[in-house]
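Participant: Got a predicted model here, sequence first, then my questions.
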Amino acid sequence: MAAGLGSLQVVPSLTDDMTRLRSFQSSSRRRASQNARMFFMAFTALSLILAGPCGNRAFSQAQIATSARGFRSPATLPLTSFYDTPHTLPTGKPGELIRSEAIDQYNLPYELSALRILYQSRTASGEDVAVSAVVLVPDGKPPANGWPVIEWAHDFRGAARTCAPSLMKNLGAGPILAMYANLGYAVVATDYSGLGADSGKPVLDMQSNAFDVIYSVPAARAAVTRIGSKIGSKWIAVGPFQGGLAAAAVAESEVRDPNYLGSVITSGVADAQQAYHHYAQGSSSSNRMLLVLAATVKALYPEFQVSDMLQDKALPAYQRVGQTCGGETEPEFTSEMLKPGWENNRFVKDFFSRNTPGERRAHSPLLVISGEADLAIPAEMSAKTVARMCKQGSRVLFLKYPDLDASGVMGASVADQISWIKARFAGYPAPGNCH
């Protein structure tokens, strides 16, 4: 149970409409809600186990996959010509569908229609780029306005093209995504630029990833229409781990979609500078996120010299990071292989600046979830970022869950997530607990 929830068990808001509506529930409906909560927690706990890396404690501490010892990478699909990117993109605008195909090779626990799509997005520097994604559509007749949309922003799973979630038979978090679809939501899950589609180096950058999230929705809508179904215009972004930063960036983006209703951030939220300093002081697994940082900074700023950040003995590990997925950690890399003062490099500082949530007011509400036992992004670190968001005037509901780490809070918070999501689609005012 989130801190401060009391008997309502969902939202710690004093006067919001959700609370008032709940106060009129019958006792039988309260019992049903409690039973649903238990079901969701149990289902998601199982889902996280089935999904692979997300449920692993070492993964949650490093926000990357586990160490190679004992790690079993998920079954993958081949990288086919579907992912080939035209040398010159078709004339169009971001959100245009390039191609789509039906696929039945994913290990999903429910009968769903699954599509791969290739669509046009835009980099943070303004360049057109092709990006791949998966769309899950519930069976049955859609509502009159189409299925409401959950846009899933995935966590980091590696920097090679083959690390794209759409190339994993379980989609990286397939049971969780199927849960949303079973609740009556279409799910759009972007790979991000550079993963899957042959569109250059991938970047772990909240602004770039947010564009890929935003522009996947209209492309998915066009693809679903082709198979005789319909998804609606209204959508919500949900992201765990690094995907949470992308979800936050959607809310703060200058690219505004009036049909976007808000974001759910499920594993805490922190400034990149705080997070990477935290990784540098952590285990060897979390240290390796510094290699990803170097690769991202190089992709964003070609003038950046990796040797200004990494010592020569770190370069083999750096080269390996761009070729692997999941928990492969050889050759070894430790924070001692960083050059002194690396964080003061001007390109690194520019990256930190562009990956700081709360620098501008969010134009839609946010639900931020944090486990108080999370070692990857400690709750107090999330609290600082949320405080800055609140200072900007953003509408934020920040829920903290005692004694839970990042993986545990994913299951414990599902009922709260669904309650918040349903209320946004229903048009109720968003609760907030900024002080």
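Facilitator: Sure thing, it's come through. Residues are numbered from 1 along each chain as shown.
Participant: Give me the distance between stretch 235-250 and the centre of its chain.
Facilitator: Centre-to-centre, stretch 235-250 and its host chain are 5 Å apart (CA atoms, centre = their mean, to the nearest Å).
Participant: Identify the residues contacting Q417.
Facilitator: 238, 264, 266, 367, 369 (CB atoms under 8 Å, 6 or more residues apart in numbering). C-betas here are computed from N, CA, C, even on glycine.
Participant: count of neighbours near the third one?
Facilitator: Burial of T266, expressed as a neighbour count using other CB atoms under 10 Å, amounts to 25.
Participant: Confirm for me that it is in contact with G244.
Facilitator: Yes: assessed by CB atoms under 8 Å, T266 is found in contact with G244 at 6.2 Å.
Participant: what pLDDT, on average, does the helix or strand hosting G232 get?
Facilitator: Per DSSP states H and E, G232 falls inside strand 231-239. For strand 231-239, mean pLDDT rounds to 96.
Participant: What of stretch 107-117?
Facilitator: Mean predicted confidence for stretch 107-117 is 86.
Participant: what comes up buried for that stretch?
Facilitator: 108-109, 112-117 (16 or more other CB atoms under 10 Å).
Participant: roughly how far is it from the heart of the chain?
Facilitator: 19 Å.
Participant: ranges for the helices of the stretch 151-300 of the chain?
Facilitator: For the stretch 151-300 of the chain, applying DSSP state H, counting those that start in this stretch gives helices covering 174-182, 206-226, 242-252, 272-280, 284-287, 289-300.
Participant: can you list the ones you listed in a markdown table and add mean neighbour count and distance to F333?
Facilitator: Formatted as a markdown table, those follow (neighbours: other CB atoms under 10 Å; distance: least, CB to CB, whole Å):
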| stretch | mean neighbour count | distance to F333 |
| --- | --- | --- |
| helix 174-182 | 24 | 30 |
| helix 206-226 | 24 | 24 |
| helix 242-252 | 28 | 19 |
| helix 272-280 | 19 | 11 |
| helix 284-287 | 19 | 6 |
| helix 289-300 | 23 | 6 |
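Participant: and F425, which of these is closest to it?
Facilitator: helix 174-182 (12.1 Å; CB to CB).
Participant: Run through the neighbouring helices and strands of that closest one.
Facilitator: For helix 174-182, the elements it packs on are helix 27-51, strand 128-138, strand 147-152, strand 186-190, judged by 3 or more CB pairs under 8 Å, 6 or more residues apart in numbering; DSSP states H and E.
Participant: which stretch in those has the least confidence?
Facilitator: Going by mean pLDDT, the lowest-scoring of these is helix 27-51, which has a mean of 40.
Participant: and the spatially closest residue to Q323 that is not a sequence neighbour, what is it in contact with?
Facilitator: With CB to CB, 6 or more residues apart in numbering as the criterion, Q323 has its nearest non-adjacent residue at 5.4 Å, and that residue is A160. The contact partners of A160, by CB under 8 Å, 6+ apart, come to 322-325.
Participant: Just the ones of these in helices?
Facilitator: Among those, no member falls in helices (DSSP state H).
Participant: right, and R395 touches R424 too?
Facilitator: No: between R395 and R424 there is no contact under CB under 8 Å: 11.1 Å.
Participant: Now the common contact residues for the two.
Facilitator: Joint contacts of R395 and R424 (CB under 8 Å, 6+ apart) are 365, 430.
Participant: Assign Y119 to helix, strand or coil.
Facilitator: strand (DSSP: H, G, I helix; E, B strand; the rest coil).
Participant: hey, what's it bridged with?
Facilitator: L97, V131 (DSSP bridges).
Participant: what's around it, how many residues?
Facilitator: Neighbour tally, Y119, other CB under 10 Å: 28.
Participant: Over to G146?
Facilitator: Applying other CB under 10 Å, I find that G146 has 18 neighbouring residues.
Participant: Over to the one 4 residues further on?
Facilitator: For I150, the neighbour count with other CB under 10 Å is 23.
Participant: Could you do Q281 as well?
Facilitator: 10.
Participant: Identify the residues contacting the closest residue to N355 other than its chain neighbours.
Facilitator: Leaving aside its chain neighbours, N355 sits nearest to A272 (3.6 Å; criterion: CB to CB, 6+ apart). Taking CB under 8 Å, 6+ apart, we find A272 in contact with 206, 245, 351-352, 355-356.
Participant: What ranges in the stretch 51-200 of the chain fall below the confidence cut-off?
Facilitator: 51-74, 109-110 (pLDDT under 70).
Participant: Give me the residue at the spatial middle of this protein.
Facilitator: The centroid of the chain falls nearest to G243 when counting by CA atoms, centre = their mean (2.3 Å).
Participant: ok, and the closest non-adjacent residue to that one?
Facilitator: G243 sits nearest to A153 (CB to CB, 6+ apart), 3.6 Å away.
Participant: Out of the contacts of A160, grab the one that's most surrounded.
Facilitator: Going by other CB under 10 Å, C325 tops these with 21 neighbours.
Participant: And the closest residue to that one other than its chain neighbours, how far from P202?
Facilitator: Spatial nearest neighbour of C325, chain neighbours left out: G158 (3.2 Å); criterion: CB to CB, 6+ apart. G158 sits 9 Å away from P202, going by CB to CB, to the nearest Å.
Participant: Quote the end-to-end distance of stretch 407-420.
Facilitator: 20 Å (CA to CA, to the nearest Å).
Participant: my read: K400 touches E372, true?
Facilitator: Yes: look at K400 against E372 with CB under 8 Å: they come within range, at 5.4 Å.
Participant: okay, these two: which has more neighbours?
Facilitator: Set K400 next to E372 and count neighbours by other CB under 10 Å: K400 wins out with 22 against 17.
Participant: tell me which element the more buried one falls in.
Facilitator: Assigned by DSSP H and E, K400 falls in strand 396-401.
Participant: next one: K384
Facilitator: Using DSSP H and E, K384 falls in helix 379-391.
Participant: In terms of secondary structure, what does that helix contact?
Facilitator: helix 272-280, strand 366-371, strand 396-401.
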